[in-house]
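Asker: what would the 3D arrangement of this be:
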Amino acid sequence: MAVERMLGEEFELLVANVVTVLGYEEIARQVRSDVAPWVADIVARQGPIRLIIEARVVPISQPDLRDLRDTVARVSSQLIALGRKGDKLVVALSCPVKREHLRWLESEFRVEIWDRTVLLSMLREGGQTATDVLHQLRAFFVKLRRVERDVTSSRTGDLIPDSSKEDTISLGPVPEIAARESNATELSNRLQQTPTGRRGAKAYEQLVQEIVEYLFGDYLVDPRPQNRTEEGLDIFDIVYRVRPGHPFWDTLTRDFRTRAIVFECKNYDAPISPAQIYSTERYISITALRSVCLLFTRKKPSENAELAAFGAMREGGKLFVLLHDKHLTQMLAIRDAQLADRGGQVHPSADFGNDPTEVIDQVIYDFLSRIGR
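Answerer: Next up is the predicted model:
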């Protein structure tokens, strides 16, 4: 713990030095809030903009999305409590974060993330002070890597790797997936180009089924279309059987006593209303072990539609997971990154921590946390 605390204090000081290089003034550390029981690591100002930073050492060279989600969620709640309207809220992380993961984390938790790559890139262009801080950061990351290796070796009983060879820290960004190799890019473009309303209803439904197969086809199998019509805008829903073995789907089916997951497509050109929740609710059945519906819409549902979904959960135990185009685009990017880590293999592996189901899990948590009594 003493080593972790020392590393945390050193990293916080280095981030403060980066803030100085960026031209911020009135830099203060360990600032206690008058309205919240937390202390801000760094507070600074640049003209009318107030910057609040929480710095966290993540002693993993490449943490998975699940761990990053937990870390950023915990820190962002503190930043939001500490901040005021117009403040710039930043989580500084000592590890590199994949660009696909970073985009989702920033969007979901309403903070800016300065990972290792961002911190180093901020110092590329600058004078002597920036160069000095750059060298200090690089040296810190090398030390952090050696500490991580030593801890890992002591836990496993392996020989400690030879650290006499010079470690290097890349200044370039975490590699992103090339567009020509990206299924996410192709599927996202098709989603954006699919017209809303009656004209694009069939194409939208077919595309959603293709996207679901790409995202979750390892564990959602045997799709069964359920034909029905509602104003020509949503022709059918799809029922999937859940194959055991994935922690998210296993937990979902256990907690909500369901053997099948319903996927409903609504291609409306406006936010859906409570009527669309009520019409779908008739096909969700607790007794038939079909109590969960992932409902896809083009736009974020209206507030009243959310209230109807709250009622279905509170009064009938039926879970509606409300997802729209933004969620699909985020999950596609995360899935591409996951498959890239596997060398492009589509077959399931133990890499559950980088799974696109993290997005759905966060949506469900947000939904359940806001249901009234």
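Asker: buried residues in the helix or strand Leu7 falls within?
Answerer: Assigned by DSSP states H and E, Leu7 belongs to helix 2-21. By neighbour count on 16 or more other Cβ atoms under 10 Å, the buried set for helix 2-21 is Leu7, Glu10, Phe11, Glu12, Leu14, Val15, Ala16, Asn17, Val18, Val19, Val21. Every residue, glycine included, has its C-beta placed from N, CA and C.
Asker: just checking, the first one touches Leu144?
Answerer: Yes. With contacts counted by Cβ atoms under 8 Å, Leu7 reaches Leu144, the gap being 6.5 Å.
Asker: quickly list what's touching both of these two.
Answerer: Val57, Pro59 (Cβ atoms under 8 Å, 6 or more residues apart in numbering).
Asker: elements contacting the worst-scoring helix or strand of the chain on mean pLDDT?
Answerer: Scoring the helices and strands of the chain by mean pLDDT, DSSP states H and E places strand 220-227 at the bottom, with a mean of 79. Strand 220-227 is packed against helix 201-216, strand 236-242, with contacts defined by 3 or more Cβ pairs under 8 Å, 6 or more residues apart in numbering; DSSP states H and E.
Asker: which residues in the stretch 151-300 of the chain form helices?
Answerer: 183-193, 201-216, 247-255, 274-281 (DSSP state H, counting those that start in this stretch).
Asker: can you tell which of those helices is closest to Gly353?
Answerer: The closest of those to Gly353 is helix 247-255. By Cβ to Cβ, the value is 9.5 Å.
Asker: now do the buried residues in that closest one.
Answerer: Buried-residue list, helix 247-255, by 16+ other Cβ under 10 Å: Phe248, Trp249, Leu252, Thr253.
Asker: closest one of these to Arg314?
Answerer: For the buried residues of helix 247-255, the nearest to Arg314 is Leu252 (18.2 Å; Cβ to Cβ).
Asker: dump the residue contacts of the residue lying closest to that closest one once chain neighbours are set aside.
Answerer: Of all residues not flanking Leu252 in the chain, Val292 sits nearest, at 6.4 Å (Cβ to Cβ, 6 or more residues apart in numbering). By Cβ under 8 Å, 6+ apart, the contact list for Val292 reads Leu252, Thr253, Phe256, Thr258, Ile261, Val262, Ile284, Lys318, Leu319, Val321.
Asker: what helices or strands is the helix or strand encompassing Val147 leaning on?
Answerer: Assigned by DSSP H and E, Val147 belongs to helix 128-156. Here helix 128-156 touches helix 2-21, helix 116-122, going by 3+ Cβ pairs under 8 Å, 6+ apart.
Asker: can you give me the buried ones in that helix?
Answerer: Ala130, Val133, Leu134, Gln136, Leu137, Arg138, Phe140, Phe141, Leu144, Arg145, Val147, Arg149.
Asker: the first one and Val18, how far apart?
Answerer: Translated: Ala130. The gap separating Ala130 from Val18 is 9 Å, by Cβ to Cβ, to the nearest Å.
Asker: joint contacts of those two?
Answerer: Joint contacts of Ala130 and Val18 (Cβ under 8 Å, 6+ apart) are Leu123.
Asker: mind splitting the protein into its structural domains?
Answerer: 2-142, 179-369 (automatic domain parsing).
Asker: with adjacent residues omitted, what lies nearest to Glu10?
Answerer: Nearest non-adjacent residue to Glu10 (Cβ to Cβ, 6+ apart): Phe140, at 6.2 Å.
Asker: picking up where we left off before, could I get the buried residues of helix 128-156 as a markdown table with distance to Gln46 and pLDDT?
Answerer: Output for those, formatted as a markdown table (distance: Cβ to Cβ, whole Å; pLDDT from 0 to 100):
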| residue | distance to Gln46 | pLDDT |
| --- | --- | --- |
| Ala130 | 16 | 89 |
| Val133 | 17 | 93 |
| Leu134 | 20 | 94 |
| Gln136 | 22 | 94 |
| Leu137 | 21 | 94 |
| Arg138 | 25 | 94 |
| Phe140 | 24 | 93 |
| Phe141 | 26 | 92 |
| Leu144 | 28 | 89 |
| Arg145 | 32 | 87 |
| Val147 | 33 | 82 |
| Arg149 | 38 | 76 |
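Asker: could you dump the residues you listed to a markdown table with distance to Asp355?
Answerer: Compiled in a markdown table, those are given as follows (distance: Cβ to Cβ, whole Å):
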| residue | distance to Asp355 |
| --- | --- |
| Ala130 | 38 |
| Val133 | 36 |
| Leu134 | 35 |
| Gln136 | 36 |
| Leu137 | 31 |
| Arg138 | 32 |
| Phe140 | 31 |
| Phe141 | 27 |
| Leu144 | 26 |
| Arg145 | 26 |
| Val147 | 29 |
| Arg149 | 27 |
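Asker: just the pLDDT at Glu281, thanks.
Answerer: You'll see Glu281 listed with a pLDDT of 89.
Asker: quick one: contacts for it?
Answerer: Ala312, Gly316, Lys318, Phe320.
Asker: so which of the contacts of Val292 comes closest to Val212?
Answerer: Taking the contacts of Val292 together and measuring to Val212 by Cβ to Cβ, the closest member is Ile261, at 9.6 Å.
Asker: what's around that closest one, how many residues?
Answerer: Ile261: 25 surrounding residues under other Cβ atoms under 10 Å.
Asker: ditto for Gly245
Answerer: Neighbours of Gly245 (other Cβ under 10 Å): 11.
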